[in-house]
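In: Provide a 3D model corresponding to the input given below.
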Amino acid sequence: MVSGLTKSYGKARGIDGLTLRVGEGEFFGFIGPNGAGKSTTIRTLIGLIKADAGKVEIFGKDIQTENRKILEETGYLPSEAIFYPGMKVGEVIELSAKLRGKDCKGEAEELCGRLELDRGKKVRELSFGNRKKLGIVCALQHSPRLCILDEPTSGLDPLMQREFFGILREKNAAGMTIFLSSHILTEVQQYCSRAAVIREGKIIACDSVEALADTKAKRVHVRGNINIAGLCGVKDICKGQRELSFLYSGRMGELLTVLSGQEVEDLSISEPDLEEIFMHYYKETV
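Out: Sure, this is the predicted structure:
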């Protein structure tokens with residue numbers, strides 16, 4: 001539970017009055033463009049940054065007074081994980097487990113196998129994608145009650161992304177709460193049950209993924225000599241030579257009436273893609 005969370009960096013934007021609830025066992029998405037405040041929110045949630053105002057409770061415990069108890073049951077993958085370059089992958093994994101005081105050999109071995117991570121390589125020899133895999137293993141090997149993932153799939157190829165989300169689905173089915181921060185909207189739609197949209201440090205929408213995607217808008221593409229001036233419910237107009245494309249949320253009868261008296265050569269009306277659906281949350285005035 002997050003209530004009124006605020007963090008500023010002088011004149012730079014941080015997060016402003018952020019309030020959010022995530023239920024135990026949820027697969028929750030946290031959506032926003034780069035710079036919206038996702039990473040600042042996450043770092044404040046786990047106590048890496050001290051908030052200027054507001055309150056964070058995880059597992060019913062306050063992050064400021066019971067930080068250690070919360071982190072014992074939490075896995076965290078930052079957007080850019082940094083490890084000692086001279087250490088081997090296996091050594092980093094073992095060190096991570098020892099710091100938590102747990103024997104994670106079995107789980108670590110399985111995760112490395114599924115992610116095709118070579119435990120014998122040194123960190124300095126790893127590609128960005130393989131460093132991300134190492135971070136995933138360290139975040140999951142102790143089977144945390146909550147796992148917080150900040151842009152976890154950057155650097156992973158499509159097949160490895162599929163395997164990674166397969167792992168997360170299994171963990172979630174077993175009871176793990178997953179908090180996934182991403183600007184890749186298809187990830188959120190495919191795997192999360194609920195999501196929040198953050199823009200300029202504020203939560204501007206929070207609901208089931210289905211409800212967030214249900215904007216009632218249609219993508220309209222018309223070819224011909226067309227004028228839609230005065231038609232209500234029109235957004236995101238793209239004009240070409242004798243072509244017009246726009247999002248339309250008004251009455252379909254009104255659209256057809258306007259078009260019926262014009263030189264329409266071709267007309268298509270379809271569901272907008274996911275990128276278009278969510279972009280209106282970023283563009284609307286709060």
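In: mind listing the helices for the stretch 1-150 of the chain?
Out: Along the stretch 1-150 of the chain, counting by DSSP state H, counting those that start in this stretch, helices occupy 38-45, 67-72, 89-99, 105-115, 128-140.
In: mind putting those into CSV with mean pLDDT and distance to residue 247?
Out: All C-beta spots, glycine's among them, are computed from the backbone N, C-alpha and C. Output for those, formatted as CSV (pLDDT from 0 to 100; distance: least, Cβ to Cβ, whole Å):
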stretch, mean pLDDT, distance to residue 247
helix 38-45, 92, 25
helix 67-72, 92, 42
helix 89-99, 96, 46
helix 105-115, 97, 39
helix 128-140, 96, 35
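In: of all these, which lies closest to residue 236?
Out: Nearest of the helices of the stretch 1-150 of the chain to residue 236, taken as Cβ to Cβ: helix 38-45 at 24.0 Å.
In: so what touches that closest one?
Out: 2, 5, 7, 14-15, 18, 30, 32, 49-51, 56, 58, 63, 76, 78-79, 148, 150-151, 179, 181, 183, 198, 201 (Cβ atoms under 8 Å, 6 or more residues apart in numbering).
In: and for stretch 255-264?
Out: Where contact means Cβ under 8 Å, 6+ apart, the residues beyond stretch 255-264 that reach it are 220, 222-228, 231, 248, 267.
In: enumerate the positions of it that are buried.
Out: 255, 258-259 (16 or more other Cβ atoms under 10 Å).
In: so which of those comes closest to residue 209?
Out: residue 255 (27.6 Å).
In: state the helix or strand in which that closest one lies.
Out: In this assignment (DSSP states H and E), residue 255 forms part of helix 252-260.
In: where does pLDDT dip in this protein?
Out: 273-286 (pLDDT under 70).
In: would you map the strands across it?
Out: Assigned by DSSP state E, the chain shows strands spanning 2-9, 12-20, 27-31, 53-58, 61-62, 74-77, 146-150, 177-182, 194-199, 202-208, 218-225, 234-240, 243-248, 263-270.
In: want to throw the helices of the stretch 1-150 of the chain into JSON lines with distance to residue 189?
Out: Formatted as JSON lines, those follow (distance: least, Cβ to Cβ, whole Å):
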{"stretch": "helix 38-45", "distance to residue 189": "17"}
{"stretch": "helix 67-72", "distance to residue 189": "29"}
{"stretch": "helix 89-99", "distance to residue 189": "31"}
{"stretch": "helix 105-115", "distance to residue 189": "23"}
{"stretch": "helix 128-140", "distance to residue 189": "21"}
